[in-house]
Structures are given as C-alpha cells and as structure tokens.
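Student: 3D model of this:
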Amino acid sequence: MTTLAPRLGRGGLVGIAGSTDHKRIAVRVAVTAGLFFLAGGVMALLMRSELAQPGLQIVSTGTYNALFTMHGSTMIYLFVAPFGLALGLYLVPLQVGAAEVAGPRWALAGWWLYVLGGVSMYGGFLTRGGAAAATWVGFDPLSNAVHTPGTGMDLWIYGVALATAGELLWGGCLLATLVRHRAPGMTMLRLPVFSWTILVTALMVLFAFPVLIVAMGLLWVERQWGGVFTGGDGAVAYQHLFWFYGHPVVYVMFFPFVGAVAEAISIFSGRRFFGYHAMVGSLLLFTSLSMSVWAHHMFAIDGVTVKYFSLTSIALLVPAGVEYFDMIATLWGGAVRLTTAMLFALGFLVQFLIGGLTGIWVGSSVLDYHANNSYFVVAHFHYTLFGGSFFGLVCAVYLWWPKVTGTLLREGLGRVHFALSVLGANLTFFPMFFLGRDGMTRRIADYPPSAGWGTLNLIETIGAGFIALSVLVFALNVLVSLVVRRPAGNDPWGGHTLEWATTSPPPRHNFDALPPVRSFQPLLDLREERIGA
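Tutor: Sure, this is the predicted structure:
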C-alpha cells in the first residue's frame with residue numbers, strides 16, 4: 001500500500017492559468033479543444049450549406065477556401081489530436097498509480113503554446129487579406145507568398161508550429177510518466193490497454209511532430225525570401241516533410257480512442273479484455289508501420305516508390321485486424337450492458353470499419369489513381385476521423401465523465417445523442433463515396449448543375465444538420481448533468497483499472513492508497529478474488 005501526501009492547489013484565475021495538477025491541465029485542454037470543435041463545426045455547416053446546391057449562394061470562393069482551410073486545421077491541429085492527448089494527461093497517472101504526471105510544468109507550458117497557436121491561426125480572420133486559404137496541409141507552391149499573399153497565412157504557420165510544439169511537450173510528459181512513474185507492481189506488461197495506446201501515441205508524437213515544426217519553419221522562410229521549395233522537386237520535398245507528420249497524426253488522432261473503446265467494451269461486457277499481449281504487439285507493429293507509409297498520399301505524383309508504400313499501407317491490415325478481433329472476442333459471450341458509452345463504442349467498431357476498408361482502396365496505387373483528390377478520399381477520411389475517432393472520443397467522455405466530475409450524464413439524452421450522431425454521420429459522409437466515383441473533386445466551392453451532384457450534396461447537408469443537432473443534445477446533457485447533479489460514486493460502472501479505485505473526482509494527489517497490482521486490470525482481479533472467496 002502506497003500513501004501519498006496531498007499538495008494544495010490554487011483556485012480562480014490563478015488556478016486556471018498556472019495550476020500544474022495534471023487533471024486540471026487535461027480539463028483545460030479538453031475544454032479548449034471543445035471550443036475549437038464548435039468553431040470548426042460552424043465552418044463545416046457553412047461549407048455544406050454552400051455545397052447543398054450548385055451556384056454560390058452564401059460565400060465567395062475565396063471565403064470558402066478560408067473556411068475549408070480553417071475547418072481542417074481546427075479539427076486536426078486544435079481538436080482531435082489535443083483531445084486525445086488530454087485524455088492521456090488526465091488518465092495515465094491515475095491508471096499507472098502515479099501522484100502526478102512527469103514534468104507538470106512542461107505540460108502546463110504545452111497548454112499555453114496550444115492556446116497561443118489556436119489564437120494565432122484564428123487571428124488570420126482579423127487581417128486585411130483574411131485567414132489562411134491554402135488548405136490545412138499548406139502545400140507549396142499554393143502556400144507561398146505569390147499564390148497566398150497576406151499576413152493570415154503567416155499567422156497560420158505560427159499557429160500550427162506553436163500548437164504542435166505544445167502537443168510535443170505533452171507527448172514527452174506522457175511517455176516519461178509511463179516509463180518512470182508506475183506504481184509498485186505495475187510492470188510494462190501490466191499497463192492498462194488505454195495506457196498502452198497513449199504510449200504508442202506519445203512515440204508517434206515525439207518522432208513525427210518535430211518534422212512538421214521544421215516544415216513550418218522552412219515554409220515561413222520560403223514565404224519571406226524564397227529559394228527553399230523551388231520547382232517541382234521543391235513541391236514534392238514539402239509533401240514528403242508534411243506527410244511524414246500527416247500520416248502518423250492520423251493514428252495520434254485514433255489510438256487514444258481505440259484505447260477508450262477497448263476499456264468500455266471490457267467494462268460493459270463484464271469480461272477481462274481478450275488477447276492483451278496480442279493487442280500490445282499489434283499497437284507496437286501498427287506504430288512502426290505508420291511511420292513508413294506517408295508517401296501513399298503521393299501516389300499520383302512522380303518520384304515515389306509506389307510498390308514499397310503500397311505494401312506497407314496494406315500491411316497495416318494485420319495489426320488492425322488483431323485489434324478488431326480482440327475487441328469482438330471480448331464482446332463475445334459477455335453480459336453486455338448497452339450504456340451510452342457502450343453504444344458509441346459499438347458505433348465506433350462499425351463505422352471505422354468502413355473507413356478502414358476504404359483505406360485499402362486508397363492504399364492501392366492502381367485504385368488510388370482514380371480516387372485521388374476526389375470526394376471518395378473525403379468520405380474515407382471522415383469515416384476514419386468522425387465515424388471512428390469522434391465516436392471513440394464521445395465514448396470516452398461518457399465513460400469517464402463520472403470520474404472527472406463526480407456526476408452522471410443522462411442516459412436517455414445520451415441515447416438520443418447516439419441516434420442523431422449515427423444518422424447524421426452516415427447521411428453526411430456515405431454519399432461522398434458516390435460523388436467521388438462520379439468525379440466530384442475535393443476543395444471546390446461550386447459545381448455545374450449539369451454534373452447531377454445536387455441531390456447527394458443536399459442529403460449531405462441535411463446530415464450535417466443532424467450532426468449539429470446531436471451536438472446540441474450533448475450540450476443539453478452536460479448542462480443538465482452539472483445543474484441537476486446525480487452523484488456518480490467512485491466506481492459507477494464496475495471499472496477494471498486503477499482510476500476507479502480513487503474518489504470522483506480524484507484528489508490533488510490522486511490516491512490515498514493503492515490496491516495491489518497483479519495484472520493490467522487490478523480492480524477486476526480484486527472483484528474476482530472476492531467472488532472466489
């Protein structure tokens with residue numbers, strides 16, 4: 001049994017600005033990411049409204065390009081990846097039995113860098129030329145000073161670099177916590193599944209994110225003085241740099257939510273997670289392969305070793321299949337409880353499968369030549385990040401909300417939230433496969449009436465409205481939960497890992513005492529011992 005001495009925290013504005021409690025930092029990051037999500041969602045609704053029918057009805061082409069750029073930038077740099085890391089900042093010290101995250105001041109600095117990065121990006125809207133409009137990937141030469149003049153693009157570069165630097169600090173803190181701050185008995189092969197997903201996420205952050213910061217620095221120099229990315233070779237060089245970050249970040253935005261879904265499936269099936277060691281091996285294999293597939297985004301240009309990158313891309317099916325099999329095997333024969341968290345976990349499994357299978361299509365060079373730069377890619381990307389990662393994110397919120405706040409969200413509103421989310425996601429994104437097949441290219445603000453794309457685009461816009469309605473239902477659920485509080489207790493779900501062994505919300509020092517750790521699910525061990533006795 002380990003006893004840990006408390007440290008008093010500060011409240012008010014000082015606490016918001018300067019507290020180094022990992023839980024408060026994590027909540028700040030999550031709330032900030034949620035605010036950015038709302039802004040990105042409003043931009044998505046504006047774009048979908050513009051595309052509902054042919055012609056420019058709402059915004060100009062230039063404004064649409066800025067909305068497109070800032071929507072993608074918000075979701076990638078400011079929402080999904082930061083939220084996944086926020087889950088890690090909150091839960092990893094609790095799951096490994098630590099009193100604090102490693103390097104808490106660095107974690108706090110990461111939040112400030114992240115906030116400054118977001119403010120810088122959005123500051124482009126206040127400049128004379130408007131916000132950045134060179135897409136969220138910032139490809140050169142589109143993003144150079146000739147094709148995208150103005151301060152807004154420079155502010156975008158600063159914002160991406162600052163936010164990425166903040167996330168890099170969080171990755172370092174999380175990896176150090178997992179390696180050095182584990183409780184007695186918590187060996188590496190006793191880490192909970194969620195903690196393992198954060199460990200591999202941190203590895204990808206530390207290896208891939210510095211490359212994006214370098215790319216942003218070089219792009220800024222190119223905009224000021226030129227001579228960095230010159231000619232066709234320079235444009236390809238930028239793509240190599242960007243996609244070396246851009247593909248691993250997909251899994252940075254994915255793995256934390258895989259871990260959340262795995263925890264939810266195990267808890268709400270009432271079973272020990274199946275195939276733990278295979279899951280760990282698949283995560284490590286997936287991580288190493290993710291660093292070797294970046295150029296499958298570049299199949300349509302010359303100078304890429306297509307066969308190699310196609311092989312490594314298709315090879316991702318092996319670890320992905322292991323992870324799917326482990327989760328389905330955990331469900332098999334379990335006493336399944338269809339809580340809202342479990343519904344979103346099941347929704348994740350079904351909808352991400354669509355994104356994963358279409359990933360085989362874009363990972364095959366012959367098929368990708370047709371799909372490249374079409375709405376097929378938009379559909380694939382959104383099924384992975386919305387149908388997959390976002391559903392996993394919401395699963396995590398419903399699962400750990402009682403631990404963070406001490407209250408329960410309403411299950412009735414949660415089921416409405418789930419139904420609207422499923423309906424909205426599939427109405428919005430599934431028709432995009434057909435639009436891509438028929439030749440609708442991405443990143444366009446208008447299309448000719450003769451193309452015959454109006455009906456499917458209208459259906460997608462209606463679907464986007466259902467997604468917006470689902471967000472409003474969730475906001476109502478949060479409001480009701482916080483105003484009319486239903487105490488959750490320390491362990492409302494019958495959890496399996498150490499975060500459920502402390503109070504809800506946890507104290508400053510996390511634990512007064514730790515139970516023995518004999519496996520990756522120590523509370524389940526204790527429960528089985530009591531039943532056996």
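Student: looks like Met432 contacts Val378 (just checking).
Tutor: Yes. The criterion here is Cβ atoms under 8 Å, and Met432 meets it with Val378 at 5.2 Å. Any C-beta I mention is one placed from the backbone N, CA and C, and that applies to glycine too.
Student: which one's more surrounded, those two?
Tutor: Neighbours were counted for Met432 and for Val378 using other Cβ atoms under 10 Å; Met432 has more, 24 against 19.
Student: what about Arg410, distance to Val480?
Tutor: Distance from Arg410 to Val480, counting by Cβ to Cβ, to the nearest Å: 6 Å.
Student: now do Val336
Tutor: Relative to Val480, and taking Cβ to Cβ, Val336 is found at 26 Å.
Student: go on, Val422?
Tutor: 22 Å.
Student: do Gly356 as well
Tutor: 35 Å.
Student: neighbour count: the two, which is higher?
Tutor: Between Gly356 and Val480, Gly356 has the larger neighbour count (other Cβ under 10 Å), namely 18 against 15.
Student: what's the spacing between the more buried one and Val397?
Tutor: When Gly356 is compared with Val397 (using Cβ to Cβ), they lie 23 Å apart.
Student: do I have it right that His417 meets Ile467?
Tutor: No. With contact defined as Cβ under 8 Å, His417 and Ile467 do not form a contacting pair (10.8 Å).
Student: more crowded one of the two?
Tutor: Neighbours per residue (other Cβ under 10 Å) separate His417 from Ile467, with His417 holding more: 26 against 22.
Student: which SSE is the more buried one in?
Tutor: Element membership for His417, per DSSP states H and E: helix 411-437.
Student: following that helix in sequence, what is the next regular element?
Tutor: helix 454-483.
Student: quick check: mean pLDDT across the helix or strand just after that following helix?
Tutor: Using DSSP H and E, the helix or strand that follows helix 454-483 in sequence is helix 522-532. Helix 522-532 carries an average pLDDT of 89.
Student: tell me where the stretch 51-200 of the chain has helices.
Tutor: Ranges of helices in the stretch 51-200 of the chain, per DSSP state H, counting those that start in this stretch, are 61-73, 81-95, 104-123, 151-180, 193-225.
Student: highest average neighbour count across those?
Tutor: helix 81-95 (a mean of 28; mean count of other Cβ atoms under 10 Å).
Student: tell me the angle that helix makes with helix 151-180.
Tutor: Relative orientation of helix 81-95 versus helix 151-180 (axes from the mean of the first three to the mean of the last three Cα atoms, to 10 degrees): 20 degrees.
Student: for helix 81-95, packing partners?
Tutor: In terms of contacts (3 or more Cβ pairs under 8 Å, 6 or more residues apart in numbering; DSSP states H and E), helix 81-95 is packed against helix 22-51, helix 151-180, helix 193-225, helix 248-252, helix 255-269, helix 391-405.
Student: avg pLDDT for that helix?
Tutor: What helix 81-95 shows for mean pLDDT is 98.
Student: now that helix - C-alpha only, PDB.
Tutor: This file holds the C-alpha atoms of helix 81-95, laid out as PDB (Å, rounded to 0.1, in the frame of the first residue of the first chain):
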ATOM      1  CA  ALA A  81      -5.200  15.200 -31.500                       C
ATOM      2  CA  PRO A  82      -5.200  17.600 -28.500                       C
ATOM      3  CA  PHE A  83      -8.300  15.900 -27.100                       C
ATOM      4  CA  GLY A  84      -6.800  12.500 -27.300                       C
ATOM      5  CA  LEU A  85      -3.600  13.800 -25.500                       C
ATOM      6  CA  ALA A  86      -5.800  15.400 -22.900                       C
ATOM      7  CA  LEU A  87      -7.400  12.100 -22.100                       C
ATOM      8  CA  GLY A  88      -3.800  10.800 -21.600                       C
ATOM      9  CA  LEU A  89      -2.900  13.700 -19.400                       C
ATOM     10  CA  TYR A  90      -5.900  13.100 -17.100                       C
ATOM     11  CA  LEU A  91      -6.000   9.300 -17.000                       C
ATOM     12  CA  VAL A  92      -2.400   7.900 -17.500                       C
ATOM     13  CA  PRO A  93      -1.200   9.000 -14.000                       C
ATOM     14  CA  LEU A  94      -4.400   7.500 -12.500                       C
ATOM     15  CA  GLN A  95      -4.100   4.300 -14.400                       C
END
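Student: roughly how far is it from the heart of the chain?
Tutor: Put simply, helix 81-95 sits 12 Å off its chain's centre (Cα atoms, centre = their mean, to the nearest Å).
Student: what does stretch 102-122 give?
Tutor: On Cα atoms, centre = their mean, the centre of stretch 102-122 falls 17 Å from that of its chain.
Student: then stretch 291-298?
Tutor: Worked out by Cα atoms, centre = their mean, stretch 291-298 lies 19 Å from the chain centre.
Student: what residues does it touch?
Tutor: With contact meaning Cβ atoms under 8 Å, 6 or more residues apart in numbering, stretch 291-298 is reached by 204, 207-208, 236, 239-240, 243-244, 246-248, 304-305, 309-310, 312-313, 316, 362-363, 365, 368.
Student: same thing but at 7 Å, please
Tutor: Contacts with stretch 291-298, where a contact means Cβ atoms under 7 Å, 6 or more residues apart in numbering, come from 207-208, 239-240, 243-244, 246-248, 304, 309-310, 312-313, 316, 363.
Student: which ones among these map onto helices?
Tutor: Judged by DSSP state H, helices contain the following of those: 207-208, 239-240, 243-244, 246, 248, 309-310, 312-313, 363.
Student: mind listing what Leu142 touches?
Tutor: Ala134, Thr148 are the contacts of Leu142 under Cβ under 7 Å, 6+ apart.
Student: now stretch 141-148: buried residues?
Tutor: Of the residues in stretch 141-148, Pro141, Leu142, Ser143, Asn144, Thr148 count as buried by neighbour count, 16 or more other Cβ atoms under 10 Å.
Student: averaged pLDDT, that stretch. What do you get?
Tutor: 93.
Student: quick one: distance of it to the chain centre.
Tutor: 29 Å.
Student: end-to-end on that stretch?
Tutor: Counting by Cα to Cα, to the nearest Å, you get 9 Å between the two ends of stretch 141-148.
Student: do stretch 86-106 as well
Tutor: Terminal-residue distance, stretch 86-106 (Cα to Cα): 14 Å.
Student: go on, stretch 93-103?
Tutor: End-to-end distance for stretch 93-103: 12 Å, by Cα to Cα.
Student: so what touches that stretch?
Tutor: Taking Cβ under 7 Å, 6+ apart as the rule, stretch 93-103 contacts 4, 22, 89, 107, 172-173, 176-178, 180-183, 186, 191-192, 194-195, 497-499, 502, 506, 509-511, 514, 517.
Student: and if we set it to 6 Å?
Tutor: 4, 22, 107, 173, 176-177, 181-183, 186, 192, 195, 497-499, 509-510, 514 (Cβ atoms under 6 Å, 6 or more residues apart in numbering).
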